[in-house]
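Engineer: Next come a sequence and a model predicted from it.
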Amino acid sequence: MIDIQGDAMLAGQGSLVTIDAGSDSGVAPGNIFTIYRIVYPSVPSPRYVLGELAVLSVREKTALAKVMMSNDAINVGDSVELR
């Protein structure tokens with residue numbers, strides 16, 4: 001999941017975000033993640049891809065990343081998956 005730096009509610013290309021995956025999950029600086037949202041979580045539905053981010057620094061349970069590309073607004077709570 002994504003948390004946006006500076007208490008903002010929306011992020012886009014160039015924004016710094018924190019993700020809930022860190023070195024305990026095998027994340028390392030330079031890893032690329034896909035950012036996505038499931039629009040209807042209670043019904044099987046496809047994921048809506050919002051963009052991608054690159055990891056800048058890593059802690060045990062979190063990582064700081066920069067949004068490298070976005071095709072829509074990224075919200076707090078959107079999901080990420082390692083590419």
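Structural biologist: The structure has been received and is ready for your questions. Numbers count the residues shown, from 1 in each chain.

Engineer: which stretches of the chain have low pLDDT?
Structural biologist: Scanning the chain for pLDDT under 70 picks out no residues.

Engineer: Which residue of it lies farthest from its centroid?
Structural biologist: Distance from the C-alpha centroid of the chain, by C-alpha atoms, centre = their mean, peaks at residue 43 (22.4 Å).

Engineer: Can I take it that residue 24 is in a strand?
Structural biologist: No. The assignment for residue 24, made by DSSP: H, G, I helix; E, B strand; the rest coil, is helix rather than a strand.

Engineer: Enumerate every residue touching residue 82.
Structural biologist: 21, 27, 31-33 (C-beta atoms under 8 Å, 6 or more residues apart in numbering). C-betas here are computed from N, CA, C, even on glycine.

Engineer: do residue 22 as well
Structural biologist: Residue 22 neighbours (C-beta under 8 Å, 6+ apart): 58-63.

Engineer: Also residue 21?
Structural biologist: 27, 61-63, 80, 82.

Engineer: Okay, and it sits in which element?
Structural biologist: When elements are assigned from DSSP states H and E, residue 21 belongs to no helix and no strand.

Engineer: Look up how far residue 73 lies from it.
Structural biologist: To residue 73, residue 21 is 22 Å away according to C-beta to C-beta, to the nearest Å.

Engineer: Fine by me, thanks again.
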